[in-house]
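In: Predicted structure and sequence below. I'll ask about it afterward.
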2 protein chains.
Amino acid sequence: MNYKTPFNKPHLTGSELDYISDAVTSGKISGNGKYTVMCQELMQKKYGFGKCLLTTSCTDALEMAAILIDVKPGDEIIMPSYTFVSTANAFVLRGAKIVFVDSRKDRPGMDEDLIQQLITKKTKAIVPVHYAGVSCDMDKIMEVADAHNVFVIEDAAQAIDSYYTDKYGNKKALGSIGHMATFSFHETKNIISGEGGMLVINDSQFKERAEIIWEKGTNRSSFFRGEVDKYGWVDIGSSFLPSDIIAAFLYAQLESIEKIQNRRIEIWKSYSINLREWASKNRIALPIVPEFATNNAHMFYLVFNNIEERTTVINALKKEGILSVFHYLSLHKSPFYELKHDGRELPMSDHYTNCLLRLPMFYNLSDNEIQLIIKTITKSI
Amino acid sequence: MNYKTPFNKPHLTGSELDYISDAVTSGKISGNGKYTVMCQELMQKKYGFGKCLLTTSCTDALEMAAILIDVKPGDEIIMPSYTFVSTANAFVLRGAKIVFVDSRKDRPGMDEDLIQQLITKKTKAIVPVHYAGVSCDMDKIMEVADAHNVFVIEDAAQAIDSYYTDKYGNKKALGSIGHMATFSFHETKNIISGEGGMLVINDSQFKERAEIIWEKGTNRSSFFRGEVDKYGWVDIGSSFLPSDIIAAFLYAQLESIEKIQNRRIEIWKSYSINLREWASKNRIALPIVPEFATNNAHMFYLVFNNIEERTTVINALKKEGILSVFHYLSLHKSPFYELKHDGRELPMSDHYTNCLLRLPMFYNLSDNEIQLIIKTITKSI
């Protein structure tokens, strides 16, 4: 079926094709070219990130992080069950056992108070996912991690341009807090390059090796800086670098980030204001942004009381040619991990699996479309 | 230093930016979009390949192959030492032990007659590399593989549009012969997308799982074909799919493949004809294309008698602003693998490491530049 209003629609900010053409003309469109460096430097400066390395996907950035913290078979990684498969698969590929945490009652992010009791001697890392770009309580998570000497890798796939204010009142960009962090520029994100991602390395012990892992296990970057006189095979690694065509596209998007974010926040507020009364009356939950967090308007979602309500609204929207989607089947109940999971019930994760619905959210969504979506939803229940 | 004549220069065939723009307008620029399917179908049809799946790099295609044949710690993989690190790293990431084969005396491809004696009960696969796009003797390799029930994965990174004629006289595209094959569309290849690659699956037992591994370990492809009613986590996997931006770029290149190949073959022949006499006089080896193989003009190289001769020529070319490059340090002598290698000497691999030199080879290389390169080389020794 073809929807009049899709769930997502990528858009050009205007400079993408010019920059791609420039990259080709400059004679280098493989990885680690001019635009790759420009993107990395822009984000390091703007968000106070440690070393940034563009990757072909957030999945690949997570895999790099797993290699860098040297995950070995049997190591345990703590993460939410209500997340994308890649959060887990990146560590499973290195032999890790995943220890899933339930989501919070008030929002889908993982319940920070449940982490402490899951730590064992085998715990290697905690991977908080900033669901919908809304920060987890990073003070709590960093304290548990520090106390037990485990790493924190922020899965910031959805969290570009979003912030956390710590207990001392310091406002920090998401992705700048953990030992490492990963971002996605998949077409469904705020800032896009079709497929694409980035690894942020805040803990400097990983910086040198990260470049090697990124460059297929070679010391090529070191060679081009004149630090070694030839380059060769020095480590495991993969081809994590995206083409500079992708970086050129991404750079155009990053230049327009304020414009994009302003429009997304307008859309988000429009949903929020106009659905508030209806939601309250029907005990349907809308996104909550805690005081320590900012809202990057990555996603607007509804949490229904049951799956039937959700299906009713999906179908009502569908009738009007509008596509709304749900996502994330609890990973602890997936065909792949159900028998490997330790058997704990994670009821909130299952609740969001059954009851959460995402509304269309993209730069070119028109005010008329938003009004129709709101009207259709509020009439349907 | 800035070279007047670089070693490589990517070029636009003319439709790349139009197709990228079209991909964005069509509303999907993530992986497995319109242009991805078009590229895959074009190559399946043109070259008689089994199922084709675009990847973000040839490295990633090799990693997919390693996952698909279920490489486990201790499994042995036979491959040349004179190859790019990724040929090996893709299998090392899954715990394999690499058993290196020496190169042939007459060309850098691996010596097919040395494979049989390296087979053990732990051998899982043979990975022939079609160096410079020139086929290995695939009849010999497939016979050894069949006799011992091991897989053959063709590393066809450099081998697009190149062929092998088997003992029955059947002409087969490289990449269509082994159980699987991998291609590269890195900017230094004949057909490019900056970074990019492809996995070819000829053995149908791997087709279904390949799609799952490709889609992050989910049965998403199956879901969109209506074969399952929801999709979830069913296997290990990664995000091997390139953005459709990359596929759109690649499709434009593939449409111009004949034009590109014709010019490259002209350049190759010009080098070959004009250097023949000088090479013969100085006992310098030029590329040899055996009778069973075709020449896709991926590379033109010289093999000198010693490293000093090579350095002399590199420097003479450099003085004229021309960049020539060598590559591949024998992997069995790399910092990463030297102590893991079984100690066998591989003298031909070391010979090519020290004595092989690649000349500039790209579509827009002018006849004047070629003449200057030839003149400079023949005068320098």
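Out: Happy to help now that I have it.
In: From here on, just use CA atoms for contacts and neighbour counts.
Out: Will do.
In: and the gap between residue A:153 and chain B?
Out: According to CA to the nearest CA, to the nearest Å, residue A:153 and chain B sit 18 Å apart.
In: helix or strand right after the helix or strand containing residue A:251?
Out: Assigning secondary structure by DSSP states H and E places residue A:251 in helix A:244-255. Toward the C-terminus, helix A:244-255 is succeeded by helix A:257-281 as the next helix or strand (DSSP H and E).
In: close enough to count as contact, residue A:76 and residue A:96?
Out: Yes. Using CA atoms under 8 Å as the test, residue A:76 is close enough to residue A:96 to be in contact (5.7 Å).
In: which parts of the stretch 1-150 of chain A sit against chain B?
Out: Within the stretch 1-150 of chain A, the positions adjacent to chain B are A:9-12, A:17, A:20-21, A:24-25, A:27-31, A:56-57, A:59-60, A:85-86, A:89-90, A:92-93 by CA under 8 Å from any CA of the partner chain.
In: taking these one by one, which sit in helices?
Out: Using DSSP state H, the members of these that fall within helices are A:17, A:20, A:21, A:24, A:25, A:59, A:60, A:85, A:86, A:89, A:90, A:92.
In: In terms of neighbours, single out the busier of residue A:76 and residue A:96.
Out: The residue with more neighbours, out of residue A:76 and residue A:96, is residue A:76; 25 against 22, by other CA atoms under 10 Å in any protein chain shown.
In: so does the lowest-mean-pLDDT helix or strand in chain A get close to chain B?
Out: The weakest-scoring helix or strand in chain A, judged by mean pLDDT, DSSP states H and E, is helix A:220-224 (a mean of 87). No. Shown here: helix A:220-224 not in contact with chain B (CA under 8 Å from any CA), separated by at least 11.7 Å.
In: What helices and strands are in contact with that helix?
Out: For helix A:220-224, the elements it packs on are helix A:207-214, judged by 3 or more CA pairs under 8 Å, 6 or more residues apart in numbering or on different chains; DSSP states H and E.
In: from the middle of its chain, how far away would the helix it packs on be?
Out: From the chain centre to the centre of helix A:207-214 is a distance of 22 Å (CA atoms, centre = their mean, to the nearest Å).
In: what's in contact with that helix?
Out: The contact list for helix A:207-214 (CA atoms under 8 Å, 6 or more residues apart in numbering or on different chains) reads A:51, A:53, A:64, A:68, A:201, A:218-221, A:234-241.
In: Excluding chain neighbours, what is closest to the residue of chain A most remote from its centre?
Out: In chain A, the greatest distance from the average C-alpha position (CA atoms, centre = their mean) is reached by residue A:229, at 38.6 Å. Among residues not flanking residue A:229 along the chain, residue A:223 sits closest, at 6.2 Å (CA to CA, 6 or more residues apart in numbering or on different chains).
In: I'd guessed that neighbour sits against residue A:230; true?
Out: Yes. Counting by CA under 8 Å, residue A:230 is a contact partner of residue A:223 at 6.1 Å.
In: quick one: contacts for the residue nearest to residue A:229?
Out: Contacts of residue A:223 by CA under 8 Å, 6+ apart are A:229, A:230, A:231.
In: Checking the last one next. Helix, strand or coil?
Out: When the structure is reduced to helix, strand and coil (DSSP: H, G, I helix; E, B strand; the rest coil), residue A:231 reads as coil.
In: any idea of the mean pLDDT in stretch A:104-115?
Out: Mean pLDDT, stretch A:104-115: 98.
In: What residues sit buried inside that stretch?
Out: For stretch A:104-115, a neighbour-count test (16 or more other CA atoms under 10 Å in any protein chain shown) marks A:104, A:107, A:108, A:109, A:110, A:111, A:112, A:115 as buried.
In: of those, closest to chain B?
Out: Nearest to chain B among those: residue A:108, at 18.3 Å, using CA to the nearest CA.
In: Just the angle for the helix or strand where residue A:200 lies relative to helix A:207-214, thanks.
Out: Residue A:200 belongs to strand A:197-201 when assigned by DSSP H and E. Comparing the axes of strand A:197-201 and helix A:207-214 via axes from the mean of the first three to the mean of the last three CA atoms, to 10 degrees yields an angle of 150 degrees.
In: Strand A:197-201 and chain B in contact?
Out: No. Counting by CA under 8 Å from any CA, chain B has no neighbours in strand A:197-201; the shortest distance is 10.6 Å.
In: Among the buried residues of stretch A:104-115, which one sits closest to residue A:287?
Out: Nearest to residue A:287 among the buried residues of stretch A:104-115, counting by CA to CA, is residue A:107 at 6.9 Å.
In: you'd agree that closest one is up against residue A:302?
Out: No. Contact criterion CA under 8 Å: residue A:107 and residue A:302 do not qualify, at 10.5 Å.
In: buried ones in the host helix or strand of residue A:172?
Out: Assessed by DSSP H and E, residue A:172 sits inside strand A:171-173. Judged by neighbour count using 16+ other CA under 10 Å, the buried positions of strand A:171-173 are A:172, A:173.
In: and the angle from the next helix or strand after that strand to helix A:85-92?
Out: Downstream of strand A:171-173, the first helix or strand assigned by DSSP H and E is strand A:180-184. Interaxial angle, strand A:180-184 versus helix A:85-92 (the same axes, to 10 degrees): 140 degrees.
In: Strand A:180-184 pairs with which strands, and in what direction?
Out: Here strand A:180-184 has these sheet partners by DSSP bridges: strand A:151-155 (parallel), strand A:197-201 (antiparallel).
In: got the ones you listed as JSON lines, with mean neighbour count columns?
Out: Shown next, in JSON lines, are the strands paired with strand A:180-184 (neighbours: other CA atoms under 10 Å in any protein chain shown):
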{"stretch": "strand A:151-155", "mean neighbour count": "26"}
{"stretch": "strand A:197-201", "mean neighbour count": "29"}
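In: For residue B:181, which of these is the nearest?
Out: Checking those against residue B:181 by CA to CA gives strand A:197-201 as the closest, at 26.7 Å.
In: how distant is the closest one from the center of its chain?
Out: The answer for strand A:197-201 is 11 Å, by CA atoms, centre = their mean.
In: if we can go back for a sec, possible to save the buried residues of stretch A:104-115 as JSON lines with secondary structure and distance to residue B:286?
Out: Listed next are the buried residues of stretch A:104-115 as JSON lines, based on DSSP: H, G, I helix; E, B strand; the rest coil; distance: CA to CA, whole Å:
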{"residue": "A:104", "secondary structure": "coil", "distance to residue B:286": "67"}
{"residue": "A:107", "secondary structure": "coil", "distance to residue B:286": "67"}
{"residue": "A:108", "secondary structure": "coil", "distance to residue B:286": "64"}
{"residue": "A:109", "secondary structure": "coil", "distance to residue B:286": "62"}
{"residue": "A:110", "secondary structure": "strand", "distance to residue B:286": "62"}
{"residue": "A:111", "secondary structure": "coil", "distance to residue B:286": "66"}
{"residue": "A:112", "secondary structure": "helix", "distance to residue B:286": "65"}
{"residue": "A:115", "secondary structure": "coil", "distance to residue B:286": "64"}
